[in-house]
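>>> Sequence and predicted model, in that order:
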Amino acid sequence: MSQPRTEIYGLLAEFEVPAEVVAAAERVHQAGYRRIDAFSPYPMEALAEALHLGRSVMSKLVLAGGLVGLAAGYGLCYWSSVVAYPMNISGKPLHSWPAFIVPTYETTILFACLTAVFGMLWVNKLTQPYHPLFNVPTFTMGASRDKFYVCIEAEDPRFDRAGTRQFLESLPGVKLVSEVPH
């Protein structure tokens, strides 16, 4: 059951230095907030660790897609050679599995790749044409250039507009705290 939509998306804190945003993300997590995200103009492994994001589900999705492709490819070869169109050629067995290896390999790769593409779109919510953070002018100008951000969403159970704002403003190195409208 989803929570009712609040009037704001959340609060966004801006930082100038990478070390400050990593320390802030760790403190936000320690304070008990879980609906949080952080943004930087380049990938930062320390930032992902500070948020305690965990492992992605993508590896399991791609493995499952590959296994489905393996079963589909081998099943198609078996069905076409043994069930639908059995032909005895030179006395070879109908179920000649070495001949099935290449098509089975190809369908395994095909299904794994398609699962990776569509799984990435699903996991990253990339079909979403709009995100509320783009309503904040400093975010649109600085997120891909030289600024670092931590956002606490209003749907977080610990979120209190005044208390969360005060907490974010107390973090060392915070330059600006903005409300993110929907």
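On my side now, so go ahead.

>>> tell me the pLDDT at Met1?
On pLDDT, Met1 comes in at 46.

>>> Assign a three-state SS to Ala162, would you?
Following DSSP: H, G, I helix; E, B strand; the rest coil, Ala162 is assigned to helix.

>>> for the longest helix belonging to the chain, what is the average pLDDT?
Scanning the chain for the helix with the most residues, using DSSP state H, yields helix 101-123. Helix 101-123 shows a mean pLDDT of 96.

>>> got the buried residues for the very next helix or strand once past that helix?
Using DSSP states H and E, the helix or strand that follows helix 101-123 towards the C-terminus is helix 137-142. If you call a residue buried by 16 or more other CB atoms under 10 Å, then helix 137-142 has these buried ones: Phe139, Gly142. Yep, even glycine has a C-beta here, placed from its N, CA and C like the rest.

>>> same deal with stretch 48-61?
Quick answer for stretch 48-61 (16+ other CB under 10 Å): Ala50, Leu51, Leu61.

>>> Pull the residues that contact the longest helix of the chain.
Helix 101-123 is contacted from outside by 56-58, 61-70, 72-74, 76-77, 126-127, using CB atoms under 8 Å, 6 or more residues apart in numbering.

>>> Give me the buried positions along it.
Thr104, Thr107, Thr108, Phe111, Ala112, Thr115, Ala116, Gly119.

>>> Please apply the same query to stretch 83-102.
Neighbour-count burial for stretch 83-102, counted by 16+ other CB under 10 Å, picks out Phe100.

>>> mind checking the end-to-end distance for that stretch?
One end of stretch 83-102 sits 20 Å from the other (CA to CA, to the nearest Å).

>>> Over to stretch 67-87?
The straight-line separation of the ends of stretch 67-87 (CA to CA) is 28 Å.

>>> Could you list the buried residues of it?
Neighbour-count burial for stretch 67-87 flags Val68, Gly69, Leu70, Gly73, Tyr74, Cys77, Tyr78, Ser81 (criterion: 16+ other CB under 10 Å).

>>> Give me the distance from it to the chain's centre.
Centre-to-centre, stretch 67-87 and its host chain are 34 Å apart (CA atoms, centre = their mean, to the nearest Å).

>>> Tell me which residues are up against that stretch.
By CB under 8 Å, 6+ apart, the residues outside stretch 67-87 that reach it are 94-96, 99-100, 103-112, 115.
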